[in-house]
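> Predicted model, plus sequence, below.
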Amino acid sequence: MPELPEVETTARSLRPRIVGRRVTAVGGVDWPRMLPNTTEADLQDALRGDRVSAVDRRGKYLLVGFDDDTWVIVHRKMSGNLLLVPHACPVELHTHLIVRLEGDQDLRFVDARKFGRVYLFRSRDQMEDFLAERLGPDSLTDLDEALLAARLKKRKGRIKSLLLDQAFLAGVGNLYADEALWEARLHPLRTADSLSTREVYRLARAIKLVLTMGIERRGTSFSSYRDSDGTPGENQEFLNAYGREGQPCPRCGTAIVRMVIGQRSAFFCPKEQKLRG
Ligand SMILES: [Zn+2]
């Protein structure tokens, strides 16, 4: 599932290639439920003739701004990919939206599992309201040691569940949460109120590190994630815990274990990430 580094990678690669380009056509919607607050006709009406003015990211959402303050948000969820391809390129299976740009390039939303969503907003304020209801501080741009300590204060939940809660901290998903907890040597079931200040600071630095390295390696391609030009990321070659059940911990050699927490897998080193108390 694309998390912050994958969405950031897509934003960075799309930005120089689509900002300034005008939309000439919108179509290809074969799955109306992917448009929770709009329709293909509304998208056509809002975007045709409009020029892309910004490509941004908030949490795991990709934001595309237009000249007249129209905004489109793409939430890729499980398997969504946003590809920029020449218009002549055959339309691949599971393409659910095509935005044609001047210069004969298509921005195509391809999503085999159909959990991805595309939203339309008529102003930045409208979009900000939508984001504010769903997202806490951004784990790349807003997070630091003091902020994490303040967010964790008076919280009692398990640390891994808090990290996955986008309203607590936006951008981290299952994979980067496991990697950050491994980096910080914290058991995923530790409760927020059991963490020492030193551990909280270690976790804040670990989150920053795994996200930054993930972006540097252009994201993790476990299943279907691809960059906007269709290339997979490289971070899957560098994972320390996630998906490595039974393989040696890169730090101490102990076999990584897998545990199910809230119906999701958690991978950690049982020797260094201890559940105390
Ligand atoms: Zn270890």
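Yep, that arrived. Residues are numbered from 1 along each chain as shown.
> Ramachandran coordinates for residue 193?
With angles defined as degrees, to the nearest 10, residue 193 sits at phi -80, psi 0.
> who's in contact with it?
With contact taken as CB atoms under 8 Å, 6 or more residues apart in numbering, residue 193 is in contact with 152, 154, 155, 156. Where you see a C-beta, it was placed from the backbone N, CA and C, and this is true even at glycine.
> By neighbour count, which of the residues you listed wins?
residue 152 (23 neighbours; other CB atoms under 10 Å).
> So residue 122 sits against residue 70, correct?
Yes. Contact status for residue 122 versus residue 70: in contact at 6.1 Å, counting by CB atoms under 8 Å.
> Between the two, which contacts overlap?
residue 46.
> out of the two, which sits in the busier spot?
The neighbour comparison of residue 122 against residue 70 (other CB under 10 Å) goes to residue 70, with 21 against 14.
> number of nearby residues for residue 132?
Neighbour count of residue 132, defined by other CB under 10 Å: 11.
> Can you spell out which helices and strands pack onto the helix or strand hosting it?
Per DSSP states H and E, residue 132 falls inside helix 124-134. Contacts defined by 3 or more CB pairs under 8 Å, 6 or more residues apart in numbering; DSSP states H and E place helix 124-134 against strand 61-66, strand 71-75, strand 117-121.
> can you redo those strands as JSON lines with mean neighbour count and mean pLDDT?
What follows is those, written out as JSON lines (neighbours: other CB atoms under 10 Å; pLDDT from 0 to 100):
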{"stretch": "strand 61-66", "mean neighbour count": "22", "mean pLDDT": "97"}
{"stretch": "strand 71-75", "mean neighbour count": "23", "mean pLDDT": "96"}
{"stretch": "strand 117-121", "mean neighbour count": "21", "mean pLDDT": "96"}
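> how about the residues of the stretch 101-250 of the chain near the ion?
The interface of the stretch 101-250 of the chain toward the ion, taken as CB under 5 Å from the ion, is made up of residue 249.
> same thing but 8 Å
182, 249, 250 (CB under 8 Å from the ion).
> what sits against the last one?
Under the criterion of CB under 8 Å, 6+ apart, the contact partners of residue 250 comprise residue 240.
> Let's see that with 10 Å instead.
By CB atoms under 10 Å, 6 or more residues apart in numbering, the contact set of residue 250 is 182, 238, 239, 240, 241, 244, 256, 269.
> What of the second one?
When contacts are counted by CB under 10 Å, 6+ apart, residue 249 touches 182, 240, 241, 255, 256, 257, 268, 269, 270, 271, 272, 273.
> do you know how far it is from residue 187?
Distance, residue 249 to residue 187, using CB to CB, to the nearest Å: 13 Å.
> Now do the shared contacts for the two.
Joint contacts of residue 249 and residue 187 (CB under 10 Å, 6+ apart) are 268, 269, 270, 272, 273.
> residues near the last one, how many?
Which is residue 273. Neighbour tally, residue 273, other CB under 10 Å: 24.
> Look up how far the ion lies from the nearest residue to residue 160 once chain neighbours are set aside.
Nearest residue to residue 160 in three dimensions, chain neighbours excluded: residue 188, at 3.7 Å (CB to CB, 6 or more residues apart in numbering). Look at residue 188 and the ion: by CB to the ion, to the nearest Å, they are 14 Å apart.
> Good, wrapping up.
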